[in-house]
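Colleague: sequence plus the predicted model coming up.
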Amino acid sequence: MTKIAPSILSADFAQLSKEIRDVEEGGADYIHVDVMDGHFVPNITIGPLIVDAIRPHTSLPLDVHLMIENPDQYIPAFAEAGASIITVHQEVIPHLHRTIQLIKDSGAKAGVVINPATPVEMVRDILNDVDLVLLMTVNPGFGGQSFIPQVVHKIEQIDAWRKANQLNLEIEADGGINRDTIRQCTDAGADVLVAGSAIFKQADRKQAISNLLQASERGD
Ligand SMILES: O=C(CO)[C@@H](O)[C@H](O)COP(=O)(O)O
Ligand SMILES: [Fe+2]
């Protein structure tokens, strides 16, 4: 069952509660929240204050993608604000196991993210401990970028390890997901598909979500 996680990065921030209600009514499974610090990525977005503000406006899980250096410093605040899932980038974390435990201790589900150029082996030894692995299919920092197809084999690899070890984890893909690219990801084993511009840049969000779900299904 494919899950769709609209990224509010492409939403109208002046009417965030309406935007979130729109995608929830349109069939979204998670609300994806992109947190950027201007250091790890060349953009600055939002902090725990906004997570706290949107929490009462949806019953969907808030999937908080931390693109920040030193995430340990902020994980408790994001969990307290209502994050349901917190994902952290392997590239910035010296003691990944410790950070994953910190997320779990704070009450949220824990996920690890890797950039397109990071080898998939970098997360192999943490798979037992995480609830979700997020494969970036663009370089993080901005919405509206083009899908990098070289990442698809990493989705396949995680899926193969998941099956071989009977792991209970979700595989998420993020960046450049649209009607043309989603099927490669779901065929490779991705369960959760983040989409920003493919949903929020369309007037009819329900239709946009349904188009993605339809495109993700095998026609044969
Ligand atoms: O984490 C990120 C970007 O860094 C993503 O979540 C984007 O916000 C996805 O936007 P689209 O590529 O779907 O427009
Ligand atoms: Fe993201």
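Modeller: Nice, thanks for sending it over. Ligands and ions are numbered 1, 2, ... in the order given.

Colleague: quick check, the residue in the chain closest to ligand 1?
Modeller: Gly196 (2.8 Å; Cβ to the nearest ligand atom). For glycine as for every other residue, the C-beta is placed from the backbone atoms N, C-alpha and C.

Colleague: what's the local residue count around Val35?
Modeller: Counted by other Cβ atoms under 10 Å, the residues lying close to Val35 total 24.

Colleague: the closest residue to ligand 2 within the chain sits in which helix or strand?
Modeller: For the chain, the residue closest to ligand 2 is His65, as judged by Cβ to the ion, at 3.8 Å. His65 is part of strand 62-67 when elements are defined by DSSP states H and E.

Colleague: downstream of that strand, the next helix or strand is which one?
Modeller: Later in the chain than strand 62-67, the nearest helix or strand by DSSP H and E is helix 75-81.

Colleague: who are the packing partners of that following helix?
Modeller: Contacting helix 75-81 under the criterion 3 or more Cβ pairs under 8 Å, 6 or more residues apart in numbering; DSSP states H and E are the following elements: helix 48-54, strand 62-67, strand 85-89, helix 96-105.

Colleague: who are the packing partners of the last one?
Modeller: Contact analysis of helix 96-105 by 3+ Cβ pairs under 8 Å, 6+ apart lists helix 75-81, strand 85-89, strand 109-114 as its packing neighbours.

Colleague: buried residues, stretch 105-120. List them.
Modeller: Residues of stretch 105-120 classed as buried by neighbour count (16 or more other Cβ atoms under 10 Å): Ser106, Ala108, Lys109, Ala110, Gly111, Val112, Val113, Ile114, Asn115, Pro116, Thr118, Val120.

Colleague: which of the residues you listed are close to ligand 2?
Modeller: Among the buried residues of stretch 105-120, no residue sits close to ligand 2 (Cβ under 5 Å from the ion).

Colleague: can you narrow the residues you listed to ones near ligand 1?
Modeller: When Cβ under 6 Å from any ligand atom is taken as the criterion, no member of the buried residues of stretch 105-120 contacts ligand 1.

Colleague: biggest separation within the residues you listed, which pair?
Modeller: Farthest apart among these by Cβ to Cβ are Ser106 and Pro116. That separation is 28.3 Å.

Colleague: check contacts around Pro76.
Modeller: By Cβ atoms under 8 Å, 6 or more residues apart in numbering, the contact set of Pro76 is Leu102, Ser106.

Colleague: next one: Ile68
Modeller: Contacts for Ile68 were tallied using Cβ under 8 Å, 6+ apart; they are Val35, Met36, Asp37, His39, Phe40, Tyr74, Val92.

Colleague: same question for Val138.
Modeller: Val138 makes contact with Pro116, Gln145, Ser146, Phe147, Ile148, Asp174, Gly175, Gly176, according to Cβ under 8 Å, 6+ apart.
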